[in-house]
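Participant: let's see this in three dimensions:
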Amino acid sequence: MNESIQFSTTRPLYGQVAVVTGASRGIGSAIAISLAKAGASVAVNYVSSSNQALDVVSVCRSFGSQAMAISADVTKEPQVASLFTQIEATLGAPSILVNNAGHALTSLLIDTTPQQWDDMMSMHLKAPYLCIRRSLDHMIRAKYGRIINISSIWGIVGGSCESAYSAAKGGVIAFTKALSKELAPSGITVNAVAPGVVDTDMIQDLTEEDRDSLVTQTPVGRLGTPGDIAALVTFLANPGSSFLTGQVISPNGGLVT
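Facilitator: Next comes the predicted model:
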């Protein structure tokens, strides 16, 4: 581990800077707050939900960590460049990157337009590529970094009527595995988290019957929470996880084993 990375048992991420994309709500906000609680300075990225992002920043700061909210569409290279320039000027160069920004699409393939397909690939594959590429110069020079890509259970097993989303999230998994081999000699770990069904806005359109069915199918007897995912991401961001790379970990309550 790089000697400049400080470690403590209560705030293991103290002295580090983390970027969480799509962090104004849901899983992203829980991740940002969890990293701040562990001691990291956190950049809360969002596109349009400024009030929610500022609320997340406020919670992060309540743990004594620095935090800032920055609007940027991470599918656009100039905005990614501006995002990281602002972070570096205010918090310092990031050593932790969580690529969380994303959205689902439920549609028969025959009804999925080429634009919707392109949007899925741009959000879930191009955005992580742009953010990782911008992060690497510092991480490689520091010989230290933690990159965590948020995939989905559907990227592993596929979801009916979610072909585009499943394909994009499956791409995240392949990207993670390939990149982990490339970056391991530089002390940078790359892992993917593939959540099962998590109780967020992404499933708000489900009927009560559908929700109950998902709970019944999940051996632990409940849906996941953003906190469940955040806890795993924080573990992967920890300096102590240096031997864990190229892995796809799926917190799904036993729905898929």
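Participant: got a list of contacts for the least confident helix or strand in the chain by mean pLDDT?
Facilitator: Using mean pLDDT, DSSP states H and E, helix 208-217 stands out as the lowest-scoring helix or strand of the chain, at a mean of 87. Among residues not part of helix 208-217, those counted as contacts by CB atoms under 8 Å, 6 or more residues apart in numbering are Val197, Ile203, Leu206, Gly221, Arg222, Leu223, Leu255. Heads up, the C-betas are built off the backbone N, CA and C, glycines and all.
Participant: just give me the closest of those to Gly22.
Facilitator: Ile203 (16.1 Å; CB to CB).
Participant: can you report phi and psi for the closest residue in space to that closest one that isn't next to it in sequence?
Facilitator: Distances taken as CB to CB, 6 or more residues apart in numbering put Val197 closest to Ile203, at 6.6 Å, once the chain neighbours are dropped. Main-chain dihedrals, Val197, degrees, to the nearest 10: phi -80, psi 120.
Participant: which parts of the stretch 1-150 of the chain are strands?
Facilitator: For the stretch 1-150 of the chain, the strands defined by DSSP state E, counting those that start in this stretch occupy 17-20, 41-46, 67-71, 96-99, 145-150.
Participant: between these, which one is nearest to Val157?
Facilitator: strand 145-150 (16.5 Å).
Participant: what about that closest one, average pLDDT?
Facilitator: Averaged across strand 145-150, the pLDDT comes to 98.
Participant: ok now the least confident helix or strand of the chain, how far from the chain's centre?
Facilitator: Distance of helix 208-217 from the chain centroid (CA atoms, centre = their mean, to the nearest Å) equals 26 Å.
Participant: which strands and helices lie in contact with the helix or strand following that helix?
Facilitator: Where DSSP states H and E defines the elements, the next helix or strand beyond helix 208-217 is helix 226-237. Contacting helix 226-237 under the criterion 3 or more CB pairs under 8 Å, 6 or more residues apart in numbering; DSSP states H and E are the following elements: helix 26-37, strand 96-99, strand 145-150, strand 188-193.
Participant: which of these sits most buried?
Facilitator: strand 96-99 (a mean of 29; mean count of other CB atoms under 10 Å).
Participant: ok, that strand: who's next to it in the sheet?
Facilitator: Strand 96-99 has its sheet partners listed here by DSSP bridges as strand 17-20 (parallel), strand 145-150 (parallel).
Participant: can you put those strands in TSV and add distance to Gly92?
Facilitator: Compiled in TSV, these are given as follows (distance: least, CB to CB, whole Å):
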stretch	distance to Gly92
strand 17-20	5
strand 145-150	13
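Participant: for Val44, which of the ones you listed is the nearest?
Facilitator: When those are compared by CB to CB, strand 17-20 sits nearest Val44, at 6.4 Å.
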